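A.B. asks: the following comprises the amino acid sequence and a computationally predicted model.
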Amino acid sequence: MIHQKISTAYLSEFEKGLDISEIENSKILGEIVGYGEISSIFKVKGFSGWIYKRLPLFESIEQAEEYAEKYKKYVDLLKEAGLQLPDDFYKVVNGHVKVVLYLAQQEINKTDLCQNRLHTQTEEKNLKMLQRIFLKINKIYQFNKRNKEKTELSIDGQISNWAVEGEDLLYFDTSTPLFKLDGLEQMDPDLILSSAPKALVWIIKVFFLQDVMDRYYDIRLVFIDIVANLYKEQKVELIDPVIVNANKYLPDGIEKISRKEVDKYYKEDKFIWQLFLGLRRLDRWFTTKVLRKRYEFILPGKIER
């Protein structure tokens, strides 16, 4: 089924009428269906079949278009590496304060999301599903091995970024195009930091940013992240058997993963993201209540990790 793509003009009206503090009061009805570190994810009334990732990051249309071109390149490279992705397109619109990039993807049924399947399938089917994810990530590793001198891809492999659709395993977390060409990172790290409190940007940049970015290029850390994600998904009983499978699919010569380091990684990752979200909430309060300015990012409520 072909779904109608939203026009730039209509999406511009959606953005102009978007009430950040009370979404239900927006002029054009939108439903939030998820959150990223630098984005919020919407359905827009009248345009079923698509979801829209909103990135209010940019100072100019040129800067947004440059990001979109890198996004398209990243998507093409992921496909070249052997991943299946949903259909997509993008729109750039002027916001109230920033230029906003909307990355649209064809909507996936909630029941097909791997994080939801974890709670409806047998343990045997869950282990097979996670094995398929490890195999897909291995495709990225093999692509990087073949193209190391020219192109290197990152991937955020956590369970919530995948869906099973028929015989296909879809990867859909493509909105942060982390990849290197000739050894140079193509993603401007300052854009990632644009959602952070300005007074604390230097602390995050010095102590956290490089480690967070680098982890997505390291297949071993990507595997550890997937296993640790089972804590967040309330599937602790799967951790030990999934570690066995993860070690089976790690490339030769890479150190095996232990339960101890999965637990350590989970605690550190939980601390980083809870701290980051807490600081963003504080920044939102200061911006809206003290400075009386519009805060451009939509933040999630309490997240179980």
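C.D. replies: Done, it's in.

A.B. asks: the helix or strand Lys139 falls within: which residues count as buried?
C.D. replies: Assigned by DSSP states H and E, Lys139 belongs to helix 123-147. Neighbour counts using 16 or more other C-beta atoms under 10 Å place 126-127, 129-130, 133-134, 136-141, 143-144, 147 of helix 123-147 among the buried residues. All C-beta atoms are positioned from the backbone trio N, CA, C, and that covers glycine.

A.B. asks: ok, and what's touching the strand or helix carrying Lys53?
C.D. replies: Here Lys53 is covered by strand 50-58, with elements defined by DSSP H and E. If you take C-beta atoms under 8 Å, 6 or more residues apart in numbering as the criterion, strand 50-58 is touched by 3, 5-6, 11, 15, 33-34, 36, 38-44, 64, 67, 95, 97-107, 175, 191, 194-195, 296-298.

A.B. asks: and if you look at stretch 290-304?
C.D. replies: By C-beta under 8 Å, 6+ apart, stretch 290-304 touches 20-21, 23, 32, 35, 38, 40, 54, 56, 95-98, 195, 232, 234, 273, 277, 280-281, 283-284, 287-288.

A.B. asks: strands - which of these land there?
C.D. replies: If you go by DSSP state E, these have 32, 35, 40, 54, 56 in strands.

A.B. asks: the fourth one - how many residues pack around it?
C.D. replies: Summarising burial for Arg54: neighbours were counted as other C-beta atoms under 10 Å, giving 27.

A.B. asks: gap between Asp283 and Val290?
C.D. replies: 10 Å (C-beta to C-beta, to the nearest Å).

A.B. asks: the more surrounded of these two?
C.D. replies: Taking neighbours as other C-beta under 10 Å, Asp283 and Val290 compare with Asp283 leading, 19 against 8.

A.B. asks: could you double-check that the more buried one lies in contact with Ala196?
C.D. replies: Yes: at 7.5 Å, Asp283 counts as touching Ala196 under the criterion of C-beta atoms under 8 Å.
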